[in-house]
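A.B. asks: no sequence on this one, just coordinates:
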């Protein structure tokens, strides 16, 4: 077993500290709540770079969760659409079969009458 300075990466989706925060980096301008976070962090005695790291990790996890939730909702909607479509096809098929079954005796009777009439005309 060799010892390296590289951190162990169990989950490539979770950033390491060096990937997210450069040494001595300040809270970037335009970061949501950066002024409020800076004041709150100073009051709690938390270094600014740790606060920036925590904010970035929180934002990245929020995006990942939003993507997962969106994917889950899309999958469930797709499955529900397939189920409803199958149900509608079965319902329509049953209604068409019932309607044809109800009309079939009359149509057969009419076709037999027309054919008999046609044969009588051709013989007579």
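C.D. replies: Right, received. Where do you want to start? Values in this document were obtained by computation on a predicted structure and should not be read as measured data. Numbers count the residues shown, from 1 in each chain.

A.B. asks: could you pull out the helices for this structure?
C.D. replies: Ranges of helices within the chain are 17-20, 34-44, 48-123, based on DSSP state H.

A.B. asks: Adding mean pLDDT, write those out as JSON lines.
C.D. replies: Output for those, formatted as JSON lines (pLDDT from 0 to 100):
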{"stretch": "helix 17-20", "mean pLDDT": "56"}
{"stretch": "helix 34-44", "mean pLDDT": "55"}
{"stretch": "helix 48-123", "mean pLDDT": "92"}
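
A.B. asks: Just send those back as JSON lines, with mean neighbour count too.
C.D. replies: In this view, the C-beta of every residue, glycine as well, is placed from N, C-alpha and C. Converted to JSON lines, those look like this (neighbours: other C-beta atoms under 10 Å):
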{"stretch": "helix 17-20", "mean neighbour count": "12"}
{"stretch": "helix 34-44", "mean neighbour count": "13"}
{"stretch": "helix 48-123", "mean neighbour count": "11"}
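
A.B. asks: what about residue 109, distance to residue 83?
C.D. replies: Using C-beta to C-beta, to the nearest Å, residue 109 is found at 41 Å from residue 83.

A.B. asks: And residue 101, by the same measure?
C.D. replies: Note on residue 101: its distance to residue 83, by C-beta to C-beta, is 27 Å.

A.B. asks: repeat for residue 54
C.D. replies: 43 Å.

A.B. asks: cool, and residue 110?
C.D. replies: Distance from residue 110 to residue 83, by C-beta to C-beta: 40 Å.

A.B. asks: With residue 52 instead?
C.D. replies: Distance of residue 52 to residue 83, computed by C-beta to C-beta: 47 Å.

A.B. asks: now residue 57
C.D. replies: Taking C-beta to C-beta, one finds residue 57 at 39 Å from residue 83.

A.B. asks: Could you do residue 74 as well?
C.D. replies: Separation of residue 74 from residue 83 (C-beta to C-beta) stands at 15 Å.
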